[in-house]
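Q: Build me a model:
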Amino acid sequence: MILPTDVIRLALNVLRERKLRAILTIIGIAIGPAAMVSIIGTVEGYSQVITEQLSSLGQNTIVILSTERYTVTDNDVMYVKGLKGVYDASPFYLAQATFRRSDGKLIKVTLYATDLKFVFKAIGSLKVKDGIIPPSGAYSAGMVGYDIVYNEKGRQLIRLGQAITVSVPIPQDSEIKVKSRTIKVSCILEKYGSALVVNPDTTIFLPKAAGPALLGADKYSGILIAVKDPTYVSSLTELLRRRYEGLAEVISFQQIADAIGSVIKTLDFLLYSLSSAAFMVAITGIMATMFTSVVERTREIGVLKAIGFSSIEVLVTILSEGFIMSLIGGVIGIATGTIGAYLLSAKRFKIGQTITIVASPSITPTLIGETVSLAILIGILGGLIPAYRASKIPPVEALRYE
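A: Predicted structure coming up:
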């Protein structure tokens, strides 16, 4: 009985003799794993970042936004606070502004004026790096985001207690006029990372009193709602949407995360199917290579049978060639795909003016295992028919073959 080591040695000798053909076949096989690892790994990396960012904004947070048709009031705040499942609610003022740092860079910042203690309930993992949270009456003091204080190299350009001047568009006499507003840096926030909807790193959080006093706002921009438990989020969101249907906008970060998760699962399936198409092409390539190899080695197969090789041993010997090429192609494809995934992920995707999504590819053991398994499978499937035909060649006919 032929030993496994003999089978591998024979297969490797055959591949060395037909080196160019084997190399081209291996390259064809490697395309599938490379495509699967690079595409799926990149998409999984971005999907994880997006989902984590939405989740970190608060699984138990709902936002009601004022629109041109409807402006939320204190009555709406009281109504929301009285709903079952609501832990707390806080109205907020929102404004966009610009700020020029000492290094000359012009930064677009977002100004939120609301209950500052409530901010930490709404935005998960937000932490204070230095300073103290300003009291509710100190409307000209604020909590300043990391990217406003530090430059790209991590050098601190703004000190605690320093006053900074921002330019804020303020409605005045039916016009929008840009006004300069001075804000004292009472607190510097830890680096949070780019986040969807709200980016704390480019935001200045102010006490609620700053809305009318500093931003010139006479109407609330919306209401932040903290829910006692995430299980209440869905029912409360539907209740609020029915109440404000056609008037105000109701946003639930948890539902957005769930919706994006469903889209990502569908996208993963489509990308997986697309990547699998490259494997189908590889099966054809292996089959063509193996059929050619069998024809060229007909006399050799006859000799093997004449010296005692059984049909099963011949089948395994021929099949091992496809297995080895697939294994090598799979390893090369995974290595190439990993490099490709990191190159694709090196690009920063911007949403709007302030939100930048940066992600590393998700090259998981599961993805690598599935890729290697598919590569080996195509080697077996592609070589199965040629190997079977080779095993059925009669020794006498094979020895007379020219």
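Q: Next, work out how far apart the residue lying closest to residue 161 once chain neighbours are set aside and residue 126 are.
A: Spatial nearest neighbour of residue 161, excluding adjacent residues (CB to CB, 6 or more residues apart in numbering): residue 185 at 6.4 Å. C-betas here are computed from N, CA, C, even on glycine. Residue 185 sits at a distance of 17 Å from residue 126 (criterion: CB to CB, to the nearest Å).
Q: can you check residue 119 too?
A: 7 Å.
Q: next one: phi and psi at residue 246?
A: Note on residue 246: backbone dihedrals following degrees, to the nearest 10 are phi 80, psi 0.
Q: Just confirm it contacts residue 68, I think it does.
A: No. Using CB atoms under 8 Å, residue 246 is not in contact with residue 68, being 11.9 Å away.
Q: all strands of the protein, in order?
A: Listed in chain order, the strands of the chain (DSSP state E) span residues 61-65, 86-100, 106-114, 128-131, 141-144, 163-172, 175-189, 203-207, 222-227, 249-252, 349-351, 355-357.
Q: Export those as a markdown table, with columns for distance to residue 17, mean neighbour count and mean pLDDT.
A: Output for the strands of the chain, formatted as a markdown table (distance: least, CB to CB, whole Å; neighbours: other CB atoms under 10 Å; pLDDT from 0 to 100):
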| stretch | distance to residue 17 | mean neighbour count | mean pLDDT |
| --- | --- | --- | --- |
| strand 61-65 | 67 | 22 | 88 |
| strand 86-100 | 70 | 19 | 90 |
| strand 106-114 | 65 | 20 | 91 |
| strand 128-131 | 66 | 14 | 92 |
| strand 141-144 | 70 | 26 | 94 |
| strand 163-172 | 74 | 16 | 86 |
| strand 175-189 | 66 | 16 | 89 |
| strand 203-207 | 67 | 26 | 94 |
| strand 222-227 | 70 | 24 | 89 |
| strand 249-252 | 65 | 19 | 85 |
| strand 349-351 | 49 | 12 | 53 |
| strand 355-357 | 51 | 16 | 56 |
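Q: Residue 292 is nearest to which of the ones you listed?
A: strand 349-351 (45.9 Å; CB to CB).
Q: residue ranges for the helices of the stretch 301-402 of the chain, please.
A: With DSSP state H, counting those that start in this stretch, the ranges of helices along the stretch 301-402 of the chain come out as 311-345, 365-391, 395-400.
Q: Of all those helices, which one is nearest residue 5?
A: helix 311-345 (11.1 Å).
Q: Enumerate the positions of the closest one that are buried.
A: Going by neighbour count (16 or more other CB atoms under 10 Å), the buried part of helix 311-345 is 313-334, 336-338, 340-342, 344-345.
Q: same deal with stretch 115-131?
A: 115, 116, 118, 119, 120, 121, 122, 123, 126, 131.
Q: Let me have those residues in a markdown table, adding distance to residue 33 as columns.
A: Below are those laid out as a markdown table (distance: CB to CB, whole Å):
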| residue | distance to residue 33 |
| --- | --- |
| 115 | 53 |
| 116 | 51 |
| 118 | 49 |
| 119 | 46 |
| 120 | 45 |
| 121 | 46 |
| 122 | 43 |
| 123 | 40 |
| 126 | 41 |
| 131 | 51 |
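Q: residues near residue 285, how many?
A: For residue 285, the count of nearby residues is 20 (other CB atoms under 10 Å).
Q: hang on, isn't it packed against residue 30?
A: No. Using CB under 8 Å, residue 285 is not in contact with residue 30, being 10.9 Å away.
Q: which residues of the stretch 301-402 of the chain score low on pLDDT?
A: 305, 347-358, 395-402 (pLDDT under 70).
Q: dump the residue contacts of the closest residue to residue 171 other than its chain neighbours.
A: Counting by CB to CB, 6+ apart, residue 171 lies nearest to residue 216, which is 6.8 Å off, once chain neighbours are set aside. With contact set as CB atoms under 8 Å, 6 or more residues apart in numbering, residue 216 has these partners: 168, 170, 171, 172, 179.
Q: Quick check: the gap between the spatially most central residue of the chain and residue 361.
A: Closest to where the C-alpha atoms of the chain average out (CA atoms, centre = their mean) is residue 46, at 1.3 Å. As defined by CB to CB, residue 46 lies at a distance of 9 Å from residue 361.
Q: Can you work out which residues contact both of those two?
A: What both residue 46 and residue 361 touch, as defined by CB under 8 Å, 6+ apart, is the set residue 345.
Q: tell me the contacts of the residue nearest to residue 38 when sequence neighbours are not counted?
A: In space, and not counting its chain neighbours, residue 38 is closest to residue 340: 3.5 Å by CB to CB, 6+ apart. Residue 340 makes contact with 34, 37, 38 under the criterion CB under 8 Å, 6+ apart.
Q: Residue 385 is in contact with residue 288, isn't it?
A: No. With contact defined as CB under 8 Å, residue 385 does not count as touching residue 288 (11.1 Å).
Q: For the residue nearest to the centre of the chain, which non-adjacent residue is spatially closest?
A: Nearest non-adjacent residue to residue 46, counting by CB to CB, 6+ apart: residue 359, 4.6 Å away.
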